[in-house]
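Peer 1: Just the structure for this:
(one chain, ligands or ions: 2)
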Amino acid sequence: MKKIAIIGRPNVGKSSLFNRLVKKRDAITSDMAGTTRDVKRREVVINNKRALLLDTGGLDKGCELYDKIKDMSLKAAHKADIILYMVDGKGLPEDEDKKLFYELQTMGKDIALVVNKIDNDKMKDKLWDFYEFGCDAIFGISVSHNRGTVNLLEWIYNHIPDSDIIDEEAEEIISEPEIPEYENELNDEEFFAQFEDEEDGYFYTDEEEVEDDSIFAQNDKIKEFDENDINHIKIAIIGRTNVGKSSLLNALLGEERSVVSDVSGTTIDPIDESIDYKGKQLTFVDTAGLRRRGKIDGIERYALMRTKEMLENANMALVVLDASEPFLDLDEKIAGLVDQNRLACIIVLNKWDIADKNEFERIKNEVRDRFKFLAYAPIITLSANTHQRVDKLHDMILKINENYSQRITTSQLNAVIDKAQQRHQLPTMHGQVIRIYYTTQYETRPPKIAIVMNKPKGLHFTYRRYLTNKLREAFDFTGTPLLFKAKKRGER
Ligand SMILES: Nc1nc2c(ncn2[C@@H]2O[C@H](COP(=O)(O)OP(=O)(O)OP(=O)(O)O)[C@@H](O)[C@H]2O)c(=O)[nH]1
Ligand SMILES: Nc1nc2c(ncn2[C@@H]2O[C@H](COP(=O)(O)OP(=O)(O)OP(=O)(O)O)[C@@H](O)[C@H]2O)c(=O)[nH]1
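Peer 2: Ligands and ions are numbered 1, 2, ... in the order given. You can find the predicted model right below:
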């Protein structure tokens, strides 16, 4: 990917252009010179071509020392393929700018002189003064008034090779969980024969038998979403050392790290950090550990222990994997903890900027193969460094939270379960007829479903899985585990 550097003195409008190009208020602009602290890099799309934009800055106010500006500019220029040299059109060309510009020109890279703050037609004449830089590619623009930027964009576009055109259709970036299809034309015997190799025996229940009958009575009175649940999501970012957890946290928090005001019952722990996103509160749990410098690493037991603690306080886990490296056993061990905690989950393939994009299919299959227990989790590829698709992850978090919190009415559930039973009947247990009377969801986050039947112990493991998949087909349970409880009809 081509790298574009925006270079120039403090306050000429570099951050403003950067923001315009990434189409977001991402870098911070202000009237004070030197407000851009770090070099930021963001993936940008110019029309349909991809490039990496570097924002330079970090010169303190009062530090107008030309040497420093020159130093930084040269450093940035070395890293870049395309240089946008920016000057303030309100002033006169300065000799130092000119000298530096010549020096940059000798580097043999594509370079444009961008004269900013040409806010109106009257200002246009100012542009003539800058022709003495001797640059063919000179653009008079006004970022704040959005003037002249089209020509500049066209110039940039022409300097990005066609190989960086995004083929949106071909690019697989998100993978939804796969729901197996059942061959309906098989008779029951053939149908169950398919599972013969699998775990034998009759399945009873994920948990203890339900003792309290009242839970079944309340189901349909509860509205589809519990407001408190759906508006606050507690997220644990987990993964082994160096996969990019802290980087992802920073990317998700964004520049405008807003401290969310206390919502009743959701007091924020100082070790947690929260943001508002589209009216929802996203709390990242136990971020202190992610931010601590000189973190203890390499100690597997410690890593697992800490992850466990984080997961106890969360309802969603982002399992971060490094897509640029082979997966390790520790990745699996950490991901296994999500399953134990029955959490909503998204698998994040980070460092996609340096991963082999042609390998998506292979990597995806390996993830599905290694992390079978997270078969319900969608996979997203992204880059915490360039922020590629971080916004998509934000949206995905909201969607998965909805799925995790949803309540399906008893009638909707039974319609699906009845249809599934019509296709394939419940197998008998030692000649005894097994019957499902009805099913009902009695809890959310995650959805828990009770199957009320004559002999709970007679619900075959494979049949339960068949029902799970039929429910996943009928409703959007992407990203959420689905728990079943087999139960005898209460004597009431
Ligand atoms: N009139 C006018 N002002 C602009 C324009 N573009 C940016 N500015 C203003 O110029 C000031 C500096 O803009 P920045 O984008 O922060 O400049 P910068 O070059 O990134 O500055 P540093 O972070 O100090 O390096 C801000 O007050 C902007 O609002 C423009 O096209 N016209
Ligand atoms: N190329 C690339 N590098 C990344 C990306 N995300 C993180 N990194 C780099 O990977 C290294 C580790 O990133 P961190 O965010 O510290 O990883 P971590 O998982 O928090 O590490 P520990 O705290 O040690 O467990 C750093 O050098 C990051 O710059 C990415 O999307 N792309």
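Peer 1: for the stretch 251-400 of the chain, what spans make up the helices?
Peer 2: Per DSSP state H, counting those that start in this stretch, the stretch 251-400 of the chain carries helices over the ranges 288-291, 300-312, 329-340, 360-370, 390-405.
Peer 1: mean pLDDT for those: which is lowest?
Peer 2: Looking over the helices of the stretch 251-400 of the chain, mean pLDDT reaches its minimum on helix 288-291, with a mean of 70.
Peer 1: Quick check: bridge partners of residue 485?
Peer 2: In this entry, residue 485 is beta-bridged to residue 450, by DSSP bridges.
Peer 1: what about it, distance to ligand 1?
Peer 2: 58 Å (C-beta to the nearest ligand atom, to the nearest Å). (C-beta placed from N, C-alpha, C; glycine too.)
Peer 1: Quick check, central residue of the chain?
Peer 2: Geometric centre of the chain, nearest residue: residue 393, 2.4 Å, by C-alpha atoms, centre = their mean.
Peer 1: so which of the helices of the stretch 251-400 of the chain gets nearest ligand 2?
Peer 2: helix 288-291 (5.7 Å; C-beta to the nearest ligand atom).
Peer 1: rewinding a little: quick one: contacts for the residue nearest to the centre of the chain?
Peer 2: 252, 318, 346, 348, 380, 382 (C-beta atoms under 8 Å, 6 or more residues apart in numbering).
Peer 1: Could you export the helices of the stretch 251-400 of the chain to TSV, including columns for distance to residue 77?
Peer 2: Output for those, formatted as TSV (distance: least, C-beta to C-beta, whole Å):
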stretch	distance to residue 77
helix 288-291	32
helix 300-312	41
helix 329-340	39
helix 360-370	33
helix 390-405	27
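Peer 1: In a markdown table: these, plus distance to ligand 2.
Peer 2: Output for the helices of the stretch 251-400 of the chain, formatted as a markdown table (distance: least, C-beta to the nearest ligand atom, whole Å):
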| stretch | distance to ligand 2 |
| --- | --- |
| helix 288-291 | 6 |
| helix 300-312 | 8 |
| helix 329-340 | 11 |
| helix 360-370 | 15 |
| helix 390-405 | 10 |
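Peer 1: Can you say which of those helices is nearest to residue 189?
Peer 2: helix 360-370 (29.8 Å; C-beta to C-beta).
Peer 1: Residue 139 is in contact with residue 154, isn't it?
Peer 2: No: in this structure, residue 139 is not within contact of residue 154 by C-beta atoms under 8 Å, at 9.7 Å.
Peer 1: Would you agree residue 85 falls within a helix?
Peer 2: No: using DSSP: H, G, I helix; E, B strand; the rest coil, the assignment for residue 85 is strand, not a helix.
Peer 1: Report the contact partners of it.
Peer 2: So residue 85 contacts 7-8, 97, 100-101, 104, 111-114 (C-beta under 8 Å, 6+ apart).
Peer 1: how about a cut-off of 7 Å?
Peer 2: Counting by C-beta atoms under 7 Å, 6 or more residues apart in numbering, residue 85 touches 7-8, 101, 104, 111-114.
Peer 1: hang on, the earlier thing: if I look at the residue nearest to the centre of the chain, how far off is residue 431?
Peer 2: Distance of residue 393 to residue 431, given as C-beta to C-beta, to the nearest Å: 52 Å.
Peer 1: State the number of residues packed around residue 456.
Peer 2: 21 (other C-beta atoms under 10 Å).
Peer 1: mind checking how far residue 105 is from residue 448?
Peer 2: Distance, residue 105 to residue 448, by C-beta to C-beta: 67 Å.
Peer 1: between those two, who's got more neighbours?
Peer 2: Using other C-beta under 10 Å, the more surrounded residue of residue 105 and residue 448 is residue 448, with 20 against 16.
Peer 1: out of everything not next to it in sequence, what's closest to that one?
Peer 2: Once flanking residues are discounted, residue 448 sits nearest to residue 483: 4.5 Å by C-beta to C-beta, 6 or more residues apart in numbering.
Peer 1: Report how many residues lie close to that neighbour.
Peer 2: 17.
Peer 1: ok, it touching residue 444?
Peer 2: No: using C-beta atoms under 7 Å, residue 483 makes no contact with residue 444, being 10.8 Å away.
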